[in-house]
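Asks: Following is a predicted model, sequence given first.
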Amino acid sequence: MALAEEFDVRIVTPGRAQIEYKVERVHTWAKDGWVEIHPDHASIAYALGQGTSTFKLVDGSDLKVGTFTGIAHFHRNLLEIFSPNIEYAEEVDVDRAKSSLHRARQRLAGRDPQVSKKKLEWQRAIDSRDRAIVRLGLKGINVDE
């Protein structure tokens, strides 16, 4: 039996119609590191982290999508991604992402006068920082940590 050269990706997220692509491979960020999927990959399910998924489309082009948590499941050459939010580079507001990153960093450093250290929601600030970094990365803006 010949190996497949492509597989399907289906993205399901609230507020958007279901999105489908034919791809040669997918490189995505899981909660515990990078996952790369090729045709005929073994079945796998994993939790998505906040990061960039890169789809190598069958026409040879790369498509980058920001994924903001969720789950992914690959079985029989179908990768299904369920995420509360995805974003494409053209949807990113760079000024807004930079402002969000600045606010999150100020809060995490204890330098936000509007938030006392006792009331700081650490995970929320970390998630905000990470989302901003992903969004800026989609636009090709690297952020030093």
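Replies: Ah, there it is.
Asks: how about the helices in this protein?
Replies: All helices of the chain, identified by DSSP state H, fall at 94-108, 122-138.
Asks: elements contacting the first one?
Replies: Applying 3 or more C-beta pairs under 8 Å, 6 or more residues apart in numbering; DSSP states H and E, we find helix 94-108 packed against helix 122-138. Bear in mind the C-beta positions are built from the backbone N, C-alpha and C, glycine included.
Asks: Helix 94-108 and the helix it packs on, what's the angle between them?
Replies: For helix 122-138 against helix 94-108, the angle by axes from the mean of the first three to the mean of the last three C-alpha atoms, to 10 degrees is 150 degrees.
Asks: buried ones in helix 122-138?
Replies: 125, 128-138 (16 or more other C-beta atoms under 10 Å).
Asks: circling back: relative to Glu6, which of the helices of the chain is closest?
Replies: helix 122-138 (24.1 Å; C-beta to C-beta).
Asks: ok, back up a step: which of the buried residues of helix 122-138 lies closest to Val94?
Replies: Leu136 (6.9 Å).
Asks: export the buried residues of helix 122-138 to JSON lines and tack on distance to Leu79?
Replies: Converted to JSON lines, the buried residues of helix 122-138 look like this (distance: C-beta to C-beta, whole Å):
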{"residue": "Ala125", "distance to Leu79": "31"}
{"residue": "Ser128", "distance to Leu79": "28"}
{"residue": "Arg129", "distance to Leu79": "28"}
{"residue": "Asp130", "distance to Leu79": "23"}
{"residue": "Arg131", "distance to Leu79": "22"}
{"residue": "Ala132", "distance to Leu79": "26"}
{"residue": "Ile133", "distance to Leu79": "24"}
{"residue": "Val134", "distance to Leu79": "19"}
{"residue": "Arg135", "distance to Leu79": "23"}
{"residue": "Leu136", "distance to Leu79": "26"}
{"residue": "Gly137", "distance to Leu79": "21"}
{"residue": "Leu138", "distance to Leu79": "20"}
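Asks: how about the residues you listed in CSV, adding distance to Arg10 and pLDDT?
Replies: Below are those laid out as CSV (distance: C-beta to C-beta, whole Å; pLDDT from 0 to 100):
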residue, distance to Arg10, pLDDT
Ala125, 33, 87
Ser128, 28, 93
Arg129, 30, 95
Asp130, 25, 94
Arg131, 23, 95
Ala132, 27, 97
Ile133, 26, 96
Val134, 21, 96
Arg135, 23, 97
Leu136, 27, 97
Gly137, 24, 95
Leu138, 21, 95
